[in-house]
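K.L.:
Please find the sequence and the predicted model below.
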Amino acid sequence: MAFSEQIKKYSWAEVQLQLYAKTALDVEQALAQKNRTWQDFLALLSPAAEPYLEAMAKQSHALTLQNFGRCMHVYVPMYLSNKCANFCTYCGFSIKNKIKRLSLTPGQILTEAEFLLEQGHQQLLLVTGETSKIGVAYIEQAIELLSPLFSSIAIETQAFELCDYQRLRNKGLHAVTLYQETYNLGSYQQYHLRGNKADYWRRLDSHDKTGAAGVHKLGLGVLLGLDDWRVDSAFTYLHLKYLENRYWRSRFSISFPRLRNAEGYVADHEISDKQLVQLLCAYRLCNPFVELNLSTRESANFRKNVAPLGVTHMSAGARTSPGAYSDTGALEQFEICDQRPTEEVAASLRQAGFDVVFKDWYGHKPSIQSGINLY
């Protein structure tokens, strides 16, 4: 049974009522538990938990130290293409935006890779728009090109089929990040007006395909601000628990992308810094082993302050347009807040007591040199 069948057991309105009905007593009972349930997650996510944020943060910090030590993994996105056939009202890559469209050639990909390797990066996230012109063959070629150079390759692209994920995994794919954006079907249809991404149910079941394909790590999340962030996060947690139970050989990560201004879109649904801290801590308290990602969408100061409370992975030195590291001038997907270079982010983390991890294994990797056959 896929998650699309599981989610039909729950009503958005009923979950919303449960969540907002939680009391201070529910929060205190959740904080006192060791093996927390979904109802405990709802309590810690609720407005009733806001006065308990300090207690949540202390427990979250302690659990993170216990299970992850002081390690902070650093990764970087490489945008391969901004070509997209989807009409998503909040995205700079939307087909309705009249922008310069670019897909990197193998040579341009290597140029980008050379820059990132010089910055010390070894964990790479490949990002594209969603169009048949940038299909599985293009992603496969990029993975073949880059896997000899980087310790891990993840993708954040369009949803593929099971056979495609198996094909990419066999070429060296390590992880797949795929956001549902919002679990509210009505809102989803309102924001996604055209293209394959408009199919809510197909996207919802995509992680079942990545799990069945044996992909090592699956990344989930919603765009915080498309709908009620508390309810969307409750459904994300349901999705996470379903995937953990069914695809237990894989690891899992949660990301917290807050909507940012993009071409033709101004974010108008807000989740405050304090509320984002509450959400992050709620995840850590209810799932001590899940990886939590915080990207450069957030400011340098916020990331510095929140890092000890449960974050395990951070992007650094990120740019959000294809070829941006070699300065092509293509449009960025969204506005970046933390624009510090990689070395500055790493230095700040070390100063705060973290062990900065660019890769979690050691082995020989060839460098980019003239005459090396990378295929």
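P.N.:
Okay, I see it.

K.L.:
CA only for contacts and neighbour counts going forward, please
P.N.:
Will do.

K.L.:
Val231 reaches Gln18, doesn't it?
P.N.:
No - when contacts are counted by C-alpha atoms under 8 Å, Val231 is not listed as touching Gln18 (9.8 Å).

K.L.:
okay, these two: which has more neighbours?
P.N.:
Using other C-alpha atoms under 10 Å as the criterion, Val231 and Gln18 rank with Val231 on top: 25 against 14.

K.L.:
Quickly find the element holding that one.
P.N.:
According to DSSP states H and E, Val231 maps onto helix 229-246.

K.L.:
could you give me the average pLDDT of that helix?
P.N.:
Average pLDDT, helix 229-246: 97.

K.L.:
Run me through the strand neighbours of whatever helix or strand comes next after that helix, direction for each.
P.N.:
Per DSSP H and E, helix 229-246 leads on to strand 251-255 as the next helix or strand towards the C-terminus. Strand 251-255 has the following strand partners under DSSP bridges: strand 217-220 (parallel), strand 291-294 (parallel).

K.L.:
in the chain, which spans are strands?
P.N.:
For the chain, the strands defined by DSSP state E occupy 71-81, 87-88, 123-128, 152-156, 173-177, 192-194, 217-220, 251-255, 291-294, 313-315, 355-357.

K.L.:
number of nearby residues for Ala234?
P.N.:
Neighbours around Ala234, by other C-alpha under 10 Å: 23.

K.L.:
tally of neighbours for the residue nearest to it when sequence neighbours are not counted?
P.N.:
The spatial neighbour of Ala234 that comes closest, neighbours along the chain excluded (C-alpha to C-alpha, 6 or more residues apart in numbering), is Leu42 at 6.7 Å. Residues within reach of Leu42, counting by other C-alpha under 10 Å, total 27.

K.L.:
if I look at Leu42, how far off is Lys274?
P.N.:
For Leu42, the distance to Lys274 equals 17 Å [C-alpha to C-alpha, to the nearest Å].

K.L.:
Over to Ile7?
P.N.:
As judged by C-alpha to C-alpha, Ile7 and Lys274 stand 29 Å apart.

K.L.:
Between the two, tell me which one has more neighbours.
P.N.:
Looking at Ile7 and Lys274 with other C-alpha under 10 Å, you find the greater number of neighbours at Ile7, namely 16 against 10.

K.L.:
which residue is nearest the centroid of the chain?
P.N.:
The chain has Ser255 as the residue nearest its centroid, 4.0 Å off, counting by C-alpha atoms, centre = their mean.

K.L.:
quick one: contacts for that residue?
P.N.:
With contacts defined as C-alpha atoms under 8 Å, 6 or more residues apart in numbering, the neighbours of Ser255 are 219-222, 292-295.

K.L.:
Show me what it bridges to in the sheet.
P.N.:
Beta-bridge partners, per DSSP bridges, of Ser255: Asn293.

K.L.:
measure it to Gly221 for me?
P.N.:
As defined by C-alpha to C-alpha, Ser255 lies at a distance of 5 Å from Gly221.

K.L.:
Likewise for Leu238?
P.N.:
Relative to Gly221, and taking C-alpha to C-alpha, Leu238 is found at 12 Å.

K.L.:
Which one's more surrounded, these two?
P.N.:
Neighbours per residue, other C-alpha under 10 Å: of Leu238 and Gly221, the larger number sits with Gly221, 24 against 17.

K.L.:
Let me see the backbone angles for Leu104.
P.N.:
phi -70, psi 140 (degrees, to the nearest 10).

K.L.:
which residues does the spatially closest residue to it that is not a sequence neighbour contact?
P.N.:
In this structure, Leu104 finds its nearest non-sequential neighbour in Leu80, 5.5 Å apart by C-alpha to C-alpha, 6+ apart. Leu80 makes contacts with 103-104, 109, 126-128, 321-323, as judged by C-alpha under 8 Å, 6+ apart.

K.L.:
Swap in 10 Å and give it another go.
P.N.:
Shown in contact with Leu80 (C-alpha atoms under 10 Å, 6 or more residues apart in numbering): 102-106, 108-109, 112, 126-129, 134, 138-139, 142, 157, 320-324.

K.L.:
can you check Gln275 too?
P.N.:
Residues near Gln275 by C-alpha under 10 Å, 6+ apart: 45-47, 50, 53, 229-230, 281.

K.L.:
in the stretch 201-350 of the chain, which spans are helices?
P.N.:
Taking DSSP state H, counting those that start in this stretch as the test, the helices found in the stretch 201-350 of the chain are 206-212, 229-246, 273-286, 300-306, 342-351.
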